[in-house]
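Enquirer: Whatever this is, show me its structure:
(chains A and B)
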Amino acid sequence: MGRAAGPAAPPWHSLPDEVWEHAFSFLPADADRGAAACACHGWLRAERRSRRRLVVPNCYATDPRDAVDRFPSVRAAEVKGKPHFADFGLLPPSWGAYAAPWVAAAADGWPLLEELSFKRMFVTDECLEMIASSFRNFQVLRLNSCEGFTTAGLAAITEGCRNLKELDLQENYIDDCSSHWLSNFPECYTSLEALNFSCLHGEVNFTVLERLVSRCRNLKTLKLNNAIPLDNVASLLRKAPQIIELGTGKFSADYHPDLFAKVEAAFAGCTSLRRLSGTWDAVPDYLPAFYCVCEGLTSLNLSYATVQGPELIKFISRCKNLLQLWVMDLIEDHGLSVVASSCSKLQELRVFPSDPFGHNGGQVFLTERGLVDVSASCPKLESVLYFCSRMTNEALVMIAKNRPNFTCFRLALLEPRSPDYITRQPLDAGFSAIVESCKGLRRLSMSGLLTDLVFKSIGAHADRLEMLSLAFAGDSDLGLNDILSGCKSLKKLEIRDCPFGDKALLANAAKLETMRSLWMNSCSLTVGGCRLLALKMPHLTVEIINDPGETCPVESLPFDSPVEKLYVYRTLAGPRSDTPDCVQIV
Amino acid sequence: MELELGLAPPNHAHPAAGSCGKRTCTEPFGAPKATLPLFLRDDEDSNDRGGGEHGVGACEWEMCTGKRKLVGWPPVRSARRRGHVKVRMEGVPIGRKVDLSLHGSYDELIRTLRLMFLTSSHQGPSICKHRRRGRGPYAVTYEDGDGDWLLVGDVPWE
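Expert: Coordinates of the predicted model:
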């Protein structure tokens, strides 16, 4: 065939930017976009300008103004602050992660911003007021594990954001100073699609809530707080039968046939209900009222519910389409064996401790058996968080063999350094089996008695591992060295109470720049070692965190002073300037 | 056969005869308790009681919260950490479990305790008397990590 007649097509590299921006809109994954942006200046320009969604996993990795300048067209931004161990009280309260600079930069550079999410950050009422007044098309606010604001800030949001679709408050610490935030939604406002105020402790005006729910016909998610009694929950459901996700809040009600009938009828109308959560206490009598929704449920969160016994098990056994189940260990081994045989589509299981400190004599009967059963019978199971009091290597080996498809495996044995309870051996063999078998493992938390041997396996085999959590494990620096010199994909490493020192860190300093962050507390680090690390790696911020009560300038401390808490992260922005006294950047 | 479930501080008068109802709550008066009645608002209350069935500071709920040795372990969030505590009421043989994480304040906790212990049908007449009034000279105490018995409400709820 000869050449086609007609004008020659322009060379691909001189296509106008708009074409590239359109092409890049088909690359949703940030990693792919980032890679494309490195190809040439043209692509860098096009990718930058077309980025609509930005995730900043460490708020201190960059200056907010730089982020806004680089990506001027962002419509949805998510920023995360404190390291994960802050959830367990290991970070001093004044550590940082302030949302204010991000809100200010966004208000300046992203006037068309529609969505904002903050996780583990300090968000003030002023931040919320600024959000309410700066973005004319603001639609989605998600605050997860944040603190620093009150219901007055929420009132600014509900009053000011005329196009609000989603207000999602998950596990925040919110000071309740008024209940008017709910009343501030204007009467003409009908666009609410998702509302989650489960973490608020105060009363809300039920009449106002009911009217809001009635007029917002697109409401799909409603998660109530503990202050709303069961009777009112049923009334709300009558007004919103289209609901897909429901958090019932707490109910602890004596059995009344009328109330039972009301609840049952209300749920019978909710044919679209797929996700259910609640802090149910003393409610076995009412579980049958939910039977009609069981078959449709894909997600069930009973991790704050204290129901137990045959009623609980009967309820769960009817939920044949569950993909996600969160429960307390009150379900016990027997309950999990029923889950194993009933919930064949299960993908994620989390089992939380009802009695983490053994107040009640440790009488719950949840052991390794439950996890073995579920992993044997649920072929799609890929994510597990499991708190229990005993484990064996044999069980772990069996679990690894049954479920090579794990992507997330987190085992928390309640007593630190628990060995295999039958052989009294370390659990090295069991966890090694997990990493060797589960080639796609991205997240791993280990516990129990573990020696340096297990770290050899992890370093060698856990190629896709991105996040690793260790506690009371290992014998020496060799363990940490094996992790840091292996684990090609490691992004986050969090360690507590392990005998790891400076040597392994310094020998693998370059690795730390390929990772997002490293947290270590109660290990064997010294001030001198941390100083050396900071000198060696200028693009890392090395934070030494003391107890707020005992602050001593790091410069004055001798080389071998122990470091209680260390937080290291890569950053483009240089050392932050908002540290409290108890945090020193070396 | 008696069922003894409760825990009590060493200097507490032993609530030996666990059987409820008939047994009055007079024992604790003899006990060198440092606790004060939580709900005594007016003097009228104590005067109204009369009859010697029991007196001021009659009944106490005791909570055992156990000892916490390691910070941040097990790795559960603070809302889960409080978990359940065992609550025992003086004169009642069977303890109950209360999930502290479901309550946002001391008021809510007291309300739950009242529902649990004062509305049950097998309480003695002395207690029923107070139920209607909605309050009573009850003290809620708990055992801290050092084994001391403290009055609930002194420290912030969190």
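Enquirer: Quick one: neighbours of B:Pro75, just the number.
Expert: 24 (other CB atoms under 10 Å in any protein chain shown). Yep, even glycine has a C-beta here, placed from its N, CA and C like the rest.
Enquirer: Can you tell me the closest non-neighbouring residue to it?
Expert: Excluding its sequence neighbours, the residue lying closest to B:Pro75 (CB to CB, 6 or more residues apart in numbering or on different chains) is A:Phe88, at 5.1 Å.
Enquirer: in what helix or strand does A:Gly278 lie?
Expert: strand A:275-280 (DSSP states H and E).
Enquirer: Show me what that strand is packed up against.
Expert: Counting contacts by 3 or more CB pairs under 8 Å, 6 or more residues apart in numbering or on different chains; DSSP states H and E, strand A:275-280 is packed against strand A:245-251, strand A:299-301.
Enquirer: Could I get the average pLDDT for it?
Expert: Regarding strand A:275-280, the rounded mean pLDDT is 90.
Enquirer: What angle do strand A:245-251 and that strand make with each other?
Expert: 10 degrees (axes from the mean of the first three to the mean of the last three CA atoms, to 10 degrees).
Enquirer: strands paired with strand A:275-280, and their directions?
Expert: strand A:245-251 (parallel), strand A:299-301 (parallel) (DSSP bridges).
Enquirer: what residue ranges in the chain score low on pLDDT?
Expert: In the absence of a named chain, this looks at chain A. Scanning chain A for pLDDT under 70 picks out A:1-10, A:13, A:179, A:282, A:362.
Enquirer: oops, I was thinking of chain B
Expert: Ranges of chain B meeting pLDDT under 70: B:1-69, B:82-86, B:94-105, B:108, B:115-116, B:118-137, B:144-147, B:156-158.
Enquirer: chain center to stretch A:453-462: distance?
Expert: Offset of stretch A:453-462 from its chain centre (CA atoms, centre = their mean, to the nearest Å): 26 Å.
Enquirer: give me the number of residues near residue 117?
Expert: If you meant another chain, say so; for now it's chain A. Residues lying near A:Ser117 (other CB under 10 Å) number 18.
Enquirer: that's the wrong chain, I meant chain B
Expert: That count, for B:Phe117 with other CB under 10 Å as the rule, works out to 21.
Enquirer: Check the secondary structure at it for me.
Expert: At B:Phe117 the chain is in helix, as set by DSSP: H, G, I helix; E, B strand; the rest coil.
Enquirer: do you know how far the residue nearest to it when sequence neighbours are not counted is from chain A?
Expert: Leaving aside its sequence neighbours, B:Phe117 sits nearest to B:Met89 (CB to CB, 6+ apart; 4.8 Å). Separation of B:Met89 from chain A (CB to the nearest CB, to the nearest Å): 17 Å.
Enquirer: Run a quick neighbour tally on B:Met89.
Expert: Neighbours of B:Met89 using other CB under 10 Å come to 26.
Enquirer: my read: it touches B:Ala139, true?
Expert: No. Look at B:Met89 against B:Ala139 with CB atoms under 8 Å: they stay out of range, at 10.8 Å.
Enquirer: quick one: the residue nearest to B:Pro75 and B:Arg77 touch, right?
Expert: Yes. With contact defined as CB under 8 Å, A:Phe88 reaches B:Arg77; the gap is 7.2 Å.
Enquirer: quick one, which of these two is more surrounded?
Expert: A:Phe88 (18 against 13).
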